[in-house]
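Trainee: what's the 3D shape of this:
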Amino acid sequence: PLPLLQRATLRRRQFDTPVAMMTMTGHRSSDGSVHHLQAIIVLIILGWCSGFVPISTGIIPRWSAQTRAISSSGCRRPRPTCSQRGGGVLSTSFLKDLFFQLPKQNKVTRPDLKTFQVNLASGTVAEVMICMPDSATRLQSRETPPLLFIHGSFHAAWCWAERYMPHFASLGYPTAAMSLRGTGGTFAGEGISRVKIEEHVDDLSAFVQWACSSEEGEGLGLSLGDAAKPVLVGHSFGGMALMKYLERDNCVNCGSISGVCAMCSVPPSGNSPMTLRFLLRSLTDSWKITAGLAMKKVITDADLCRELFFGGTTVMREDGSIDDRGVSDEDLARYMGHFARDTVATIDLADLTKRLPSKLAAKDGSAPFQSILPPALVIGATDDFIVDREGVEETARYFGLGEPTIVDSPHDVMLGERWKNGAEALESWLEQEVCRVASL
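Mentor: Predicted structure coming up:
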């Protein structure tokens with residue numbers, strides 16, 4: 001009505017928020033309640049007069065981070081402009097969204113995570129976790145490859161299931177992670193305390209084979225040809241397992257994947273050169289790494305665990321609150337419990353020293369499979385206490401990259417408050433290098 005429009009136009013600059021505007025402009029009944037329908041109409045009119053409507057302010061988050069559309073090539077569509085969102089246009093579809101779809105749009109659906117035991121072709125019964133996109137999301141992103149995650153020492157598949165797997169499944173990527181032999185979920189054998197790197201590679205090869213199987217009831221249930229070739233993502237010692245997997249059998253495995261990513265990976269020359277560099281820089285830091293990892297103190301010492309894996313101990317802010325870096329005391333206790341469970345059998349370092357990937361590398365440090373390697377990404381972290389910048393750069397040279405990608409994160413890039421930094425770097429690379437190539 002015209003009087004209502006005039007009143008709203010004269011007073012709209014006094015309103016600080018849409019909620020305040022709705023309350024001040026709505027008429028009250030005898031019991032003091034606001035007539036929300038009239039208030040919403042005023043909100044629509046003011047939005048239209050100002051050149052935008054509420055859908056572009058986030059009231060209806062149709063294009064939120066959790067529901068970004070995936071194109072048929074597997075990569076994100078460009079974010080819609082204001083005019084594409086409906087800015088300046090008073091449409092019946094907007095009214096339909098506002099009155100009938102608001103509760104549905106605000107609901108965030110977390111992809112289902114499943115855990116089970118798999119009899120691998122290597123003879124190992126492995127703990128496997130999978131997180132799949134819903135059918136509608138997957139239908140829109142049929143060219144997105146599966147992501148197979150490989151953890152490092154003290155960890156297992158659970159570390160990827162906390163954040164990364166649900167996140168990437170929501171973007172249309174089928175995801176899976178295996179707990180390597182010797183962790184609590186994957187039994188290494190009675191009395192076994194050391195696992196050789198080649199045994200990890202056996203299991204990794206069998207896991208890739210299982211995940212991509214097109215047989216009914218096996219793997220991730222994908223039968224998409226080249227689109228089913230997975231991207232392997234390895235963290236810390238999981239990156240070392242990736243290198244050994246790729247160099248096996250004259251690098252034949254390079255043809256079975258569509259990409260590889262090493263995150264805060266142990267470099268091709270192993271831990272020894274890094275340990276020497278730490279000794280020269282700081283005896284204190286060198287002792288912390290030795291005590292925390294070799295002596296397994298991260299299982300019992302909360303402060304040391306925070307320093308090595310999560311970017312530092314807790315600190316008190318000026319307002320008296322505690323900065324726990326996104327890892328609460330309850331989360332830390334849970335993680336430390338996992339660390340204890342997942343170190344039943346650890347990597348045989350003496351055996352690994354004889355088989356380091358650097359032994360087969362060229363003089364410039366590049367891998368023997370570099371010429372046939374699919375797209376590769378190496379990610380390092382600014383606050384990595386365990387793998388230094390020289391180690392990350394060595395890994396980048398091994399994979400034929402000029403420079404690594406460095407993100408603001410501690411060693412455990414997949415956990416804590418900064419987990420999205422590594423995830424976004426991986427997501428961007430997938431869209432630009434892997435999905436784009438697959439769609440050509």
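Trainee: What segments of the protein are strands?
Mentor: 113-119, 125-131, 147-150, 175-178, 194-195, 231-235, 259-263, 315-316, 322-323, 346-347, 376-383, 405-410 (DSSP state E).
Trainee: Between the ones you listed, which one is closest to Leu279.
Mentor: Proximity to Leu279, assessed across these by Cβ to Cβ, is greatest for strand 376-383 (20.3 Å). Heads up, the C-betas are built off the backbone N, CA and C, glycines and all.
Trainee: Just checking: what are the partner strands of that closest one?
Mentor: strand 259-263 (parallel), strand 405-410 (parallel) (DSSP bridges).
Trainee: any low-confidence regions in the stretch 151-300 of the chain?
Mentor: By pLDDT under 70, the weakly predicted segments of the stretch 151-300 of the chain are 214-217, 221-228.
Trainee: let's go with 80 and repeat that
Mentor: Low-confidence segments of the stretch 151-300 of the chain (pLDDT under 80): 214-228, 249-250.
Trainee: As TSV, the strands of the chain with mean neighbour count and distance to Trp210 would be great.
Mentor: Output for the strands of the chain, formatted as TSV (neighbours: other Cβ atoms under 10 Å; distance: least, Cβ to Cβ, whole Å):
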stretch	mean neighbour count	distance to Trp210
strand 113-119	13	6
strand 125-131	21	8
strand 147-150	26	10
strand 175-178	28	9
strand 194-195	18	19
strand 231-235	27	14
strand 259-263	28	18
strand 315-316	9	44
strand 322-323	12	42
strand 346-347	20	22
strand 376-383	22	23
strand 405-410	21	30
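Trainee: Rebuild those as CSV, extending it with distance to Phe369.
Mentor: As requested, the strands of the chain are arranged in CSV below (distance: least, Cβ to Cβ, whole Å):
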stretch, distance to Phe369
strand 113-119, 27
strand 125-131, 25
strand 147-150, 17
strand 175-178, 22
strand 194-195, 24
strand 231-235, 13
strand 259-263, 10
strand 315-316, 44
strand 322-323, 43
strand 346-347, 22
strand 376-383, 10
strand 405-410, 21
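Trainee: so which of the ones you listed comes closest to Asn271?
Mentor: strand 346-347 (10.1 Å).
Trainee: ok, back up a step: between the strands of the chain, which gets nearest to His338?
Mentor: Proximity to His338 (Cβ to Cβ) singles out strand 125-131 among those, at 12.0 Å.
Trainee: which residues are in contact with that closest one?
Mentor: 111-120, 156-158, 160-161, 165-166, 168-169, 174-181, 183, 185-187, 203, 207, 210, 220 (Cβ atoms under 8 Å, 6 or more residues apart in numbering).
Trainee: Compare the strands paired with strand 376-383 and give me the one nearest Ile372.
Mentor: strand 259-263 (12.0 Å).
Trainee: how near is the nearest residue to Val434 once chain neighbours are set aside to Ala425?
Mentor: Counting by Cβ to Cβ, 6 or more residues apart in numbering, Val434 lies nearest to Gly259, which is 4.4 Å off, once chain neighbours are set aside. Separation of Gly259 from Ala425 (Cβ to Cβ, to the nearest Å) stands at 13 Å.
Trainee: list residues touching both of the two?
Mentor: Shared contacts of Gly259 and Ala425, counting by Cβ under 8 Å, 6+ apart, come down to Leu377.
Trainee: need the contact list for the residue lying closest to Ala241 once chain neighbours are set aside.
Mentor: Leaving aside its chain neighbours, Ala241 sits nearest to His200 (4.8 Å; criterion: Cβ to Cβ, 6+ apart). Going by Cβ under 8 Å, 6+ apart, His200 touches 180-181, 241, 244, 347.
Trainee: what does Leu147 give?
Mentor: 168, 173-176, 230-231, 233.
Trainee: Most widely separated two among the residues you listed?
Mentor: Of all pairs drawn from the contacts of Leu147, the greatest distance, 13.0 Å, lies between Pro174 and Val233 (Cβ to Cβ).
Trainee: To Lys297, which of the strands of the chain lies closest?
Mentor: strand 346-347 (14.2 Å).
Trainee: Can you read off the pLDDT for the closest residue to Ala302 other than its chain neighbours?
Mentor: Residue nearest to Ala302 in three dimensions, not counting chain neighbours: Leu332, with 5.9 Å by Cβ to Cβ, 6+ apart. Note for Leu332: predicted pLDDT of 98.
Trainee: Pull the number of nearby residues for Leu332.
Mentor: Residues near Leu332, counting by other Cβ atoms under 10 Å, number 19.
Trainee: Just to check, it is in contact with Arg306?
Mentor: Yes. Under the criterion of Cβ atoms under 8 Å, Leu332 lies in contact with Arg306, with a separation of 6.7 Å.
Trainee: if we can go back for a sec, got JSON lines for the contacts of His200, with distance to Asp319 too?
Mentor: JSON lines is the format used below for the contacts of His200 (distance: Cβ to Cβ, whole Å):
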{"residue": "Leu180", "distance to Asp319": "43"}
{"residue": "Arg181", "distance to Asp319": "47"}
{"residue": "Ala241", "distance to Asp319": "44"}
{"residue": "Lys244", "distance to Asp319": "49"}
{"residue": "Ile347", "distance to Asp319": "44"}
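Trainee: Neighbour-wise, give me the winner out of the residues you listed.
Mentor: Busiest of these [other Cβ under 10 Å] is Leu180, holding 30 neighbours.
Trainee: check contacts around it.
Mentor: Per Cβ under 8 Å, 6+ apart, neighbours of Leu180: 126, 150-151, 156, 186, 195, 200, 203-204, 238, 241.
Trainee: make it 7 Å
Mentor: Going by Cβ atoms under 7 Å, 6 or more residues apart in numbering, Leu180 touches 151, 186, 200, 203.
Trainee: How about Glu199?
Mentor: By Cβ under 7 Å, 6+ apart, Glu199 lies in contact with Arg181.
Trainee: Distance check, it against Val392.
Mentor: Relative to Val392, and taking Cβ to Cβ, Glu199 is found at 26 Å.
Trainee: Please apply the same query to Ile406.
Mentor: 7 Å.
Trainee: Spit out the residues that contact the two alike.
Mentor: With contacts defined as Cβ under 7 Å, 6+ apart, the residues adjacent to both Ile406 and Val392 are Gly380.
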